[in-house]
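> With the input below, show me the fold.
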Amino acid sequence: MPEVSRIYRKLPVLAAFLAILVFSPKAVLADNCCVGYIHLERVIGESTIGKAAGAQFQKELAQREAEVKKLLDEVKKLKTFIETRGHLLNESDLKAKYGEYDKAVALYQKEFQAADSEMKRKDVAIMKAILEKIDPIMQKVAQERGFLLLIKDPGILGYVHPSADISSEVLKRLEAQTAATKP
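The predicted structure follows:
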């Protein structure tokens, strides 16, 4: 079933491409290609701002993982205590340990979910900020090359002629822009 939803997500792009083919056959057959492609993951991953953002994100992720791991370690410690020494405790002390364990598990689950949500939000915010810098450059390069359509989704492509890929040019201009804005 997931395969069907992937196809439906790509229908607008395919429809736009087919419209270009139907309504502008001369542009498609001309020497200049009317469809361009950008590999955004590559541009982001290789750019200075992408690398810096990725390093900062990884640092924050490691910090949050360490915080959550401490809670998990406490859960494991309590579980091990109950399994190995629980039989030595009287009923009320054992019940109290189980209560401690349940609270530790609940706290761990809550913090795990909070950390996961927080990191997902940060990832989206980082990507949005980077894309805001890439989009104008990408549009300018696409216009300069005379592209009528620019594809960002590599999943719908079977083959891309090197002349249709603007990733390197966008990366080069992004790096120049980044260098120019550094103090």
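> Gln109: neighbouring residues, count only.
14 (other CB atoms under 10 Å). Where you see a C-beta, it was placed from the backbone N, CA and C, and this is true even at glycine.
> Contact partners for it?
Listed by CB atoms under 8 Å, 6 or more residues apart in numbering, the contact set of Gln109 is empty.
> before we move on, what about the one 10 residues further on?
If a contact means CB under 8 Å, 6+ apart, then Met119 has Phe57, Glu60, Leu61, Arg64 as its contacts.
> element containing the third one, please.
Read that as Leu61. Taking DSSP states H and E as the definition, one finds Leu61 inside helix 48-85.
> pLDDT of the helix or strand that that helix is followed by, averaged?
Using DSSP H and E, the helix or strand that follows helix 48-85 in sequence is helix 91-144. The pLDDT scores in helix 91-144 average 95.
> So which elements touch the helix or strand following helix 91-144?
Sequence-wise, the next helix or strand downstream of helix 91-144 (DSSP H and E) is strand 149-151. On a contact count with 3 or more CB pairs under 8 Å, 6 or more residues apart in numbering; DSSP states H and E, strand 149-151 meets helix 2-23, strand 35-37, helix 91-144.
> where's Tyr101 relative to Glu74, distance?
9 Å (CB to CB, to the nearest Å).
> Let me fix that, I meant to ask about Ala176.
50 Å.
> neighbour count winner among the two?
Glu74 (17 against 11).
> Was I right to think the more buried one contacts Lys103?
No - applying CB atoms under 8 Å as the test, Glu74 and Lys103 come out as separate, 9.9 Å apart.
> for stretch 36-52, how far is the first residue from the last?
28 Å (CA to CA, to the nearest Å).
> Would you reformat the helices and strands packed on strand 149-151 as JSON lines and include distance to Glu46?
As requested, those are exported to JSON lines (distance: least, CB to CB, whole Å):
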{"stretch": "helix 2-23", "distance to Glu46": "24"}
{"stretch": "strand 35-37", "distance to Glu46": "16"}
{"stretch": "helix 91-144", "distance to Glu46": "12"}
